[in-house]
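Asker: Attaching a predicted model along with its sequence, questions to come.
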Amino acid sequence: MISRPPSLAPARFGVATAAVALAVAGCFAGEPANPPHPVFSAPKAQQPAKALEATLATDGFAFRQTMTFELGTGEAVLRSEGRMAPKAGHAVGTRSWTFTKRVTTAEREALLGPSPAPSPQPSKLGVAVDGTDVLVRPGAAPYWIRHAPNDFTLDGNRNVESLAGTQVPFGGTLLELLASGGRVTKSAPAQTGRTYTIRTPAPAALALFPKDLREMLHRGTDEAAAPLPVDLALRADGEGRLTRASADLGALKAREWGSLRNLKGIRAELTISRHGAPAPKLPSPARQLAARDTVREIDELQPGACFDPHTGTSSNRLVVSRPCKTKHGARILAQPELTTTYPGAGKARRQAETACDRAVPNSPAAWRTESAERDTHWFTWPTDKWDWNEHGAAHATCYVLTH
């Protein structure tokens with residue numbers, strides 16, 4: 001889309017048998033019996049759900065999850081970590097990707113998400129959830145972008161929407177898979193607490209992924225095709241609160257035509273700690289930008305306008321509009337008009353390149369000298385016929401990166 005011209009134990013833990021209960025009553029007449037355990041006294045099939053309830057009943061907790069994608073000869077690892085306060089509906093944390101050397105450029109972009117810049121979205125994204133609003137901080141940006149529910153209708157924003165969970169504030173953790181239900185196949189006592197295995201159908205695991213990635217993993221998960229199940233392993237502490245979870249998501253398959261077609265498997269491991277920790281502090285309002293005021297499709301801006309190309313939305317059309325007097329990542333030099341009819345992908349690119357090569361030398365020199373790379377400009381254009389005339393006549397956008 002963007003090109004550079006030539007010049008991202010007991011089955012019922014804590015409950016005595018009837019015989020033992022009678023014996024205790026006989027020895028200690030008048031003493032009250034121990035109350036039933038809030039989690040382990042429930043029927044086995046209900047205990048994992050009760051453990052989730054006990055976990056969410058605390059004021060807050062810390063979490064860390066690693067999700068490993070086996071990609072042919074390389075690996076990509078997504079780390080999600082931070083703190084959640086379920087009762088307050090708050091969460092603050094990060095999502096960051098690391099890649100081994102053999103992960104291809106196409107695979108990186110598929111996982112990180114494209115952007116209007118020559119590079120995909122940053123490998124690190126700050127995430128904060130405030131009730132129904134989601135805040136994201138792309139890379140090292142000095143601001144957070146606040147997305148309200150109405151902002152999720154913007155093209156590409158569905159990925160931001162998925163950062164908020166349905167059962168817990170921070171989306172994409174194995175707690176979401178637990179909340180989807182399933183059948184308890186194993187239950188065993190641990191040194192302190194219990195362990196469980198829950199079997200759930202693979203389509204339920206798709207909820208762990210952002211919209212774009214979920215669509216790449218959809219093949220082979222149709223319930224009508226009797227997909228392979230996913231086994232979720234859980235560990236609860238003595239109070240019934242969840243402390244660990246893991247799952248092999250190998251039942252999810254990538255589409256054969258996509259950038260992730262060499263995907264061999266996905267596995268996830270989650271740890272939960274510091275139960276009862278105070279709710280995390282949300283980013284200062286002074287550092288927040290409202291998405292409805294600042295996130296724009298790039299061809300809505302005018303020549304001379306400044307922007308940051310990374311929005312955290314994994315969209316190749318959205319940018320953050322920035323005042324030119326503040327620090328910014330790019331400036332638009334020109335927006336030459338293209339043909340009125342979509343000519344196809346190859347011709348569209350060539351048209352945009354030729355149009356920018358002609359238009360950029362006529363742009364103000366003060367704009368061009370902002371370029372971080374001397375005598376270098378970049379360009380982007382609508383990539384398919386659905387975007388071609390969305391805002392009137394199709395235009396290429398020619399710009400320089402400023403830092």
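Answerer: Right, received. Where do you want to start?

Asker: Sheet partners, orientation included, of the helix or strand in which Val127 is found?
Answerer: Using DSSP states H and E, the element containing Val127 is strand 124-130. Its sheet considered, strand 124-130 pairs with strand 90-99 (antiparallel), strand 133-138 (antiparallel) by DSSP bridges.

Asker: Quick check: buried residues in the longest one?
Answerer: Residues of strand 90-99 classed as buried: His90, Ala91, Val92, Gly93, Arg95, Trp97, Phe99 (neighbour count, 16 or more other CB atoms under 10 Å). C-beta coordinates here come from the backbone N, C-alpha and C atoms, glycine included.

Asker: Dump the strands paired with strand 124-130 to a markdown table, plus mean pLDDT and distance to Gly238.
Answerer: Listed next are the strands paired with strand 124-130 as a markdown table, based on pLDDT from 0 to 100; distance: least, CB to CB, whole Å:
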| stretch | mean pLDDT | distance to Gly238 |
| --- | --- | --- |
| strand 90-99 | 96 | 26 |
| strand 133-138 | 95 | 35 |
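
Asker: still on that earlier bit, CA atoms of the strand holding Val127 as PDB?
Answerer: What follows is strand 124-130, C-alpha atoms only, in PDB (Å, rounded to 0.1, in the frame of the first residue of the first chain):
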ATOM      1  CA  LYS A 124       4.100  -2.000  21.700                       C
ATOM      2  CA  LEU A 125       0.600  -0.600  22.500                       C
ATOM      3  CA  GLY A 126      -0.500   0.900  25.800                       C
ATOM      4  CA  VAL A 127      -4.000  -0.100  26.700                       C
ATOM      5  CA  ALA A 128      -6.400   1.400  29.300                       C
ATOM      6  CA  VAL A 129     -10.100   0.500  29.700                       C
ATOM      7  CA  ASP A 130     -12.400   2.900  31.500                       C
END
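
Asker: That strand: how far from the chain's middle?
Answerer: Strand 124-130 sits 9 Å away from the centroid of its parent chain (CA atoms, centre = their mean, to the nearest Å).

Asker: cool, and stretch 281-300?
Answerer: Using CA atoms, centre = their mean, the offset of stretch 281-300 from its chain centre is 18 Å.

Asker: Please could you give me each C-alpha atom of that stretch, formatted as PDB?
Answerer: C-alpha atoms of stretch 281-300 as PDB (Å, rounded to 0.1, in the frame of the first residue of the first chain):
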ATOM      1  CA  LYS A 281      -4.700   4.700  37.800                       C
ATOM      2  CA  LEU A 282      -6.000   5.700  34.400                       C
ATOM      3  CA  PRO A 283      -3.900   8.000  32.100                       C
ATOM      4  CA  SER A 284      -4.200  11.700  33.000                       C
ATOM      5  CA  PRO A 285      -7.000  13.500  31.100                       C
ATOM      6  CA  ALA A 286      -4.300  16.000  30.100                       C
ATOM      7  CA  ARG A 287      -2.700  13.300  28.000                       C
ATOM      8  CA  GLN A 288      -5.800  12.000  26.300                       C
ATOM      9  CA  LEU A 289      -7.100  12.800  22.800                       C
ATOM     10  CA  ALA A 290     -10.700  12.000  21.800                       C
ATOM     11  CA  ALA A 291     -10.700   9.700  18.800                       C
ATOM     12  CA  ARG A 292     -13.700  11.500  17.300                       C
ATOM     13  CA  ASP A 293     -11.700  14.700  17.200                       C
ATOM     14  CA  THR A 294      -8.300  13.500  16.100                       C
ATOM     15  CA  VAL A 295      -8.500  10.100  14.200                       C
ATOM     16  CA  ARG A 296      -9.200  10.700  10.500                       C
ATOM     17  CA  GLU A 297      -8.900   8.900   7.200                       C
ATOM     18  CA  ILE A 298      -5.700  10.200   5.600                       C
ATOM     19  CA  ASP A 299      -7.400  11.600   2.500                       C
ATOM     20  CA  GLU A 300      -9.700  13.700   4.700                       C
END
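
Asker: How about residues contacting it?
Answerer: Residues outside stretch 281-300 that contact it (CB atoms under 8 Å, 6 or more residues apart in numbering) are 90, 92, 116, 126, 128, 130, 135, 137, 142-148, 150-151, 154-155, 157, 307, 311, 313, 317-322, 332, 335, 380, 382, 390-391, 395, 397.

Asker: For PyMOL, what selects the buried ones among these?
Answerer: Of the contacts of stretch 281-300, the buried ones go into a single PyMOL selection, burial set by 16+ other CB under 10 Å:
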select buried, resi 90+92+116+126+128+130+135+137+143+144+145+146+147+151+154+157+307+311+313+317+318+319+320+321+322+332+335+380+382+395+397
